[in-house]
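1. Predicted model and sequence below, questions to follow.
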Amino acid sequence: MKIAVLSRNKNLYSTRRLLEAIEQKGHTGVVIDHLKCDIIMDEKGPNIFFNGSTLDDVDAVIPRIGASVTFYGTAVVRQFEMKKIFSAVDSLAITRSRDKLRSLQILSRAGVGMPKTAFTNNSKEENKVIKHIGKAPVVIKLLEGTQGLGVVLAETDKAAKSVVEAFDSLKTRIIMQEFIEEAGGADIRAFIVDGEVVGAMKRQGKEGEFRSNLHRGGSANVVKLTRAQKSSALKAAKAMGLAIAGVDMIESKRGPLVLEVNSSPGLEGIETATGVDIAGKIVEYIERNISKKRKPKDKVKA
Ligand code: ADP
């Protein structure tokens, strides 16, 4: 089987590990930079060109699409899907997961535990918005933020009002969220492959930091999930339609609360913390799907 990792950089840990796992299991692995793919369409059907080739010999793709290139990256993944080439992660699910607001709407509909969140167009009425949440402290998040940047803790109603005003003047969209103090600056990342938690780690923010992101200086350790945490993580990934997902949760008095579901979760932190061959689990998931689906007549015509 020929499996393509859609990645911009073959030296990244996750890309390297996926290639290693593909080869280890006796397949051929290639790295395709999705930004260098051309999407061609006419009445004969969808096509993709990369370095002068149509990529018809690829059996499956593993998308590793960075947040800054979501639009083009998901268009390329969708084109593979249109060509009936199996994608380990659904293009629509990637699009959903990249939109913080849309993700929370989907998780809320599915009944997944989450911090109470407000989004409004009327940021002039900050007090009313804060009332939806309760009262300060509140967390204010940029809709476009990643890696903990643009996540602000406003300790008083006054501070919240100033932060909302500042973002409003920059015409930046935000959400306001109840602050879960008892999370203690820690969160849990559950890595899911095909409806199963294959690894989990607890990340602790550095001293005095409420954000646990490793990019913000946090540290990670392996953790055994409670039943409730496992069930929340699986429910969240399922609601988003993601077969491979990194679900971020914080622990609260009312149980685990999901913050985010990541569609290109990094492998380095979780493999290092847990010692699990997660790249191998991803390849096994592809093997199961290809053997289920592939019939000779399904082969894409040149
Ligand atoms: P990003 O997507 O930028 O990582 P998150 O929403 O995951 O942003 O927030 C970053 C970190 O801040 C989380 O991992 C968590 O530790 C902390 N955090 C986020 N929201 C809350 C909240 N409502 N209450 C308490 N801590 C929070």
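-> Right, received. Where do you want to start? These numbers come from a predicted model, not from an experiment. Numbering: from 1, shown residues only.
2. Point out where this structure drops to low pLDDT.
-> Within the chain, the segments meeting pLDDT under 70 span 122-124, 126, 145-146, 148, 292-302.
3. Would you mind giving the domain segments of it?
-> Listed domain ranges for the chain are 2-89, 116-179, 182-263 (source: automatic domain parsing).
4. deepest of those domains, which one?
-> domain 182-263 (a mean of 19; mean count of other CB atoms under 10 Å). Every residue, glycine included, has its C-beta placed from N, CA and C.
5. How far off centre is that one?
-> Distance of domain 182-263 from its chain centroid, counting by CA atoms, centre = their mean, to the nearest Å, is 11 Å.
6. what about that domain, start to end distance?
-> 27 Å (CA to CA, to the nearest Å).
7. Likewise for stretch 176-193?
-> End-to-end distance for stretch 176-193, by CA to CA: 31 Å.
8. any idea how far that stretch is from the chain center?
-> With CA atoms, centre = their mean, you get 15 Å for stretch 176-193.
9. One more: stretch 114-131?
-> Here stretch 114-131 shows a centroid-to-chain-centroid distance of 25 Å under the convention CA atoms, centre = their mean.
10. Next: stretch 34-52.
-> 26 Å.
11. mind listing what the nearest residue to Asn289 once chain neighbours are set aside touches?
-> Nearest non-adjacent residue to Asn289, counting by CB to CB, 6 or more residues apart in numbering: Phe86, 5.6 Å away. Residues near Phe86 by CB atoms under 8 Å, 6 or more residues apart in numbering: 59-61, 286, 289-290, 293.
12. and what of Cys37?
-> Neighbours of Cys37 in contact, by CB under 8 Å, 6+ apart: 48-50, 55, 76, 79.
13. measure the residue nearest to Asn289 to the ligand for me?
-> Computed as CB to the nearest ligand atom, to the nearest Å, the Phe86 to the ligand distance reads 28 Å.
14. Pairing partners for that residue in the sheet, please.
-> Phe86 has these beta-bridge partners by DSSP bridges: Ala60.
15. quick revisit: next, format the domains of the chain as JSON lines and append distance to Gly269.
-> Shown next, in JSON lines, are those (distance: least, CB to CB, whole Å):
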{"stretch": "domain 2-89", "distance to Gly269": "9"}
{"stretch": "domain 116-179", "distance to Gly269": "12"}
{"stretch": "domain 182-263", "distance to Gly269": "5"}
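16. All the strands of the stretch 51-200 of the chain, residue numbers only.
-> All strands of the stretch 51-200 of the chain, identified by DSSP state E, counting those that start in this stretch, fall at 60-63, 86-87, 117-118, 138-142, 151-154, 174-178, 186-193, 196-204.
17. wait, which of the contacts of Phe86 is closest to the ligand?
-> Val61 (24.9 Å; CB to the nearest ligand atom).
18. Which residues are in contact with that closest one?
-> Contact analysis of Val61 by CB under 8 Å, 6+ apart lists 3-6, 32, 77, 80, 85-88.
19. again, only using 10 Å
-> If you count contacts by CB atoms under 10 Å, 6 or more residues apart in numbering, Val61 has them with 2-6, 30, 32, 34, 48, 55, 76-77, 80-81, 85-89, 286.
20. So which of those belong to helices?
-> Taking DSSP state H as the definition of helices, these contribute 76-77, 80-81, 286.
21. and which of those is nearest Phe119?
-> Nearest to Phe119 out of the ones in helices among the contacts of Val61 is Val77 (CB to CB; 27.4 Å).
22. count of neighbours near the nearest residue to the closest one once chain neighbours are set aside?
-> In this structure, Val77 finds its nearest non-sequential neighbour in Ser91, 4.0 Å apart by CB to CB, 6+ apart. Ser91 sits with 21 neighbouring residues when counted by other CB atoms under 10 Å.
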